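*Asks:* return a 3D structure for these sequence lines:
(chains A, B and C)
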Amino acid sequence: MIALLIRDLRLAIRAGGGFGLGLAFFLIVIVLVPFGVGPERAVLTRIAPGMLWVAALLAALLSLDRIFALDHEDGSLALLATAPLPLEGVVLVKAAAHWLTTGLPLTLAAPVLGILLNLSPEATPWLLASLGLGTPALSMIGAFGAALTVGLRRGGLLLSLLVLPLYVPTLIFGAEAVRRGAEGLTALPSLALVGGVTAGCFALLPFAAAAALRVNLR
Amino acid sequence: MHLAVTDLACARGGLPVLTGVSFRLEAGQALILRGPNGVGKTTLLRTLAGLQPAMAGEVDFPADEGAYASHADGVKLTLSVTENLAFWAAVHGRQLDDAALAAFDLTGLRDRMAGTLSAGQKRRLGLARLAVIGRKVLFLDEPTVSLDRAAVGLFADFLRDQHLAQGGIAVIATHIDLGLEAPELDLTPYRAAPDAAGGSDEAFL
Amino acid sequence: MSIWEYANPKKFMGWTRPVLPWLWALAVACIVTALVWGFFFTPDDYKQGSTVKIIYIHVPSAMIAINAWFMMLITSLVWIVRRHHVSVLAAKAAAPVGAAMTVIALFTGAVWGEPMWGTWWAWDPRLTSFLVLFLFYLGYMALWAAIEDADTAADLTSVLCLVGSVFAVLSRYAAIFWNQGLHQGSSVFRAGRPDSVAEVFYLPLMLSIAGFILLFLALVLMRTRTEIRLRRASALEARMRSA
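*Replies:* Numbers count the residues shown, from 1 in each chain, chains lettered A, B, ... in the order given. So this is what the prediction gives:
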């Protein structure tokens, strides 16, 4: 499993795009927000937690279709399916690799982009914590969506349609944690719920995703 | 070590293509599958390898000994030759040894990126995977596509002298003569009748 | 004889054929009676005026919208466990009906909400959950449409339906947590509570709900029959091509 993780990370770095594209997209969306809603600092402070979460979510969405599609095209997926690694483990590793190449950089970049949106300083630790806890769930749900659409020629758009409604709970709890943190309320319950959603996703979705992959390999 | 196939029926896209396929191979034996295009060689090999469920019948070989290879051989273009092979070795819990590289004449190319290899060299890299994963029962679907004559020779040598000589088993779908002393199985007689039972949509007829 | 035999496509076609016209007739009779009764023979609400009468469409469509998904969940499970084609085709057939009911519930809700709350739309948990439910229906139908092989599509949409159900429930509680909302509580099943529906409205509402359930059954059976015919046609075609 570690070999697969290392390979996927190496591929993501060598192919470029992996890290860079998602981050650049995140930056651009955040830069566009003030152009859309106006430069008033109070307004930006109010919407910053939600905008940062929505933008991070969309940035994570960009690279989802590559989680399995490339391995399916060149036959690696069929070969992995006959390897001693259980397919559930493959899914888990793929989701982890996706998180390390998109979710983690997005989390680390978010406080800097928070400055652009005049995010209140008290909210920054909560932003880091909620994105850090929540983005793994985005990757895992995304891996499930990617497993469903892996055999389709134009699965990208469909993947977004399938995955976005599944992102709703994570987004609600995650953004809520940051908003409460910004207002000085207790944000821990929201944060715990984000963690709960993530833990639940990692416990259940690898099985669903592996089942979908087996159907698609048939 | 053996591979026993009993009364196997397999389907493509929910429709039966082959029925009643039976054969048995002992350690060191190979079988060449023959038959016109579309007869179901790929379907049979995928079913044997466990990538798709059999409609009926049994496939028996020691667990965790099967390996499948087709023209899509999972070579990553942005990894070097060694990295590609070391990955597959690691997934199967083994070390990459130089003998595998030498057997497919890849020693001189070991640090080249797979993306810079020619089509034939890439295929050799894909086939070298079979030498590093240490699986005993190989299911090979047209393994010699885009190989030149010398490379076909290398591959045949690997199969005969290393794989089969050490008690391996191979089922190979191919159109060219590999120079192996192996029986041939023509799949044409096993072709399923158009109205054969067992299709996944049978309940609708 | 086991109950599962009714799930054989041929048997299913056989027993649904005589049943369908009766279902249609009953559904139309119930709905027409309920609406006429509700619209013309019940008094206006003392607070909400005549707008309250939207309830005869709003509540039944909302109930069907949720229960259609629940039915899809069960039939998908039956497909995964027992591989009965009719079961998964019924789920496929129910999805557009459920989606349409969701739209009707959202639309009538907006029409009702405008005079009552002074807004067409509010991000209230109930409204939000219905919008999310609608997205789930869209995703489910899009996945069916995108996959060519019928059995692959059946398997994948069933998996999506299972996972989607978990997330739909999760979204519902997340939405409650997120915003406490304007929408009143459930209108129907709170007998004796002061804020539940008064007796005069209760009977036509029940009749309307019964009518909508019958309508749902009729639509799903009809659409399932269509799906079975389509599968039969493609099965015959596939065999003709390979012959």
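*Asks:* so what's whatever residue of chain B ends up closest to chain A closest to, chain neighbours aside?
*Replies:* Per C-beta to the nearest C-beta, residue B:72 is where chain B lies closest to chain A, at 2.8 Å. Using the backbone N, CA and C atoms, a C-beta is placed for each residue, glycine as well. Computed as C-beta to C-beta, 6 or more residues apart in numbering or on different chains, the closest residue to residue B:72 that is not its neighbour in sequence is residue A:75, at 2.8 Å.
*Asks:* so what's the one you found up against?
*Replies:* Counting by C-beta atoms under 8 Å, 6 or more residues apart in numbering or on different chains, residue A:75 makes contact with B:70-74.
*Asks:* now, the residues you listed that are in strands?
*Replies:* Judged by DSSP state E, the subset of those located in strands is empty.
*Asks:* for chain A, longest helix please?
*Replies:* Ranked by residue count, the top helix of chain A under DSSP state H comes out as helix A:188-217.
*Asks:* buried residues, that one. List them.
*Replies:* If you call a residue buried by 16 or more other C-beta atoms under 10 Å in any protein chain shown, then helix A:188-217 has these buried ones: A:190-191, A:193-195, A:197-198, A:200-202, A:205-206, A:208-217.
*Asks:* tell me how many other residues crowd the nearest residue to residue A:60 once chain neighbours are set aside.
*Replies:* By the measure of C-beta to C-beta, 6+ apart, the closest residue to residue A:60 outside its immediate chain neighbours is residue A:138, 4.6 Å from it. For residue A:138, the neighbour count with other C-beta atoms under 10 Å in any protein chain shown is 30.
*Asks:* which helix or strand contains residue A:138?
*Replies:* Counting by DSSP states H and E, the element that carries residue A:138 is helix A:124-149.
*Asks:* what average pLDDT does that helix get?
*Replies:* For helix A:124-149, mean pLDDT is 94.
*Asks:* try stretch B:136-147
*Replies:* pLDDT averaged over stretch B:136-147 gives 86.
*Asks:* ok, residue A:14 - contacts?
*Replies:* Contacts of residue A:14 (C-beta under 8 Å, 6+ apart): B:78-79.
*Asks:* now it: how far from residue A:72?
*Replies:* Using C-beta to C-beta, to the nearest Å, residue A:14 is found at 19 Å from residue A:72.
*Asks:* follow-up on the earlier one: quick one: name whatever helix or strand follows the helix holding residue A:138.
*Replies:* Following helix A:124-149 toward the C-terminus (DSSP H and E): helix A:155-166.
*Asks:* so the residue of chain B closest to chain A makes contact with residue A:74?
*Replies:* Yes - at 5.7 Å, residue B:72 counts as touching residue A:74 under the criterion of C-beta atoms under 8 Å.
*Asks:* can you pull the contacts of residue 210?
*Replies:* All of this is about chain A. Contact analysis of residue A:210 by C-beta under 8 Å, 6+ apart lists A:86-88, A:90-91, A:147.
*Asks:* oops, I was thinking of chain C
*Replies:* By C-beta under 8 Å, 6+ apart, residue C:210 lies in contact with C:30, C:34.
*Asks:* how close does it get to chain A?
*Replies:* According to C-beta to the nearest C-beta, to the nearest Å, residue C:210 stands 31 Å off from chain A.
*Asks:* so which strand or helix has that residue?
*Replies:* Going by DSSP H and E, residue C:210 is in helix C:199-242.
*Asks:* what sits up against stretch B:183-191?
*Replies:* The contact list for stretch B:183-191, computed with C-beta under 8 Å, 6+ apart, reads B:17-21, B:23, B:31-36, B:39-41, B:44.
*Asks:* just the buried positions in it, please.
*Replies:* Across stretch B:183-191, burial judged by 16+ other C-beta under 10 Å covers B:185, B:187, B:190-191.
*Asks:* pick the one among those closest to residue C:203.
*Replies:* Set against residue C:203, the nearest of the buried residues of stretch B:183-191 by C-beta to C-beta is residue B:191 (66.2 Å).
*Asks:* who does the closest one bridge with?
*Replies:* For residue B:191, the beta-bridge partners are residue B:18 (DSSP bridges).
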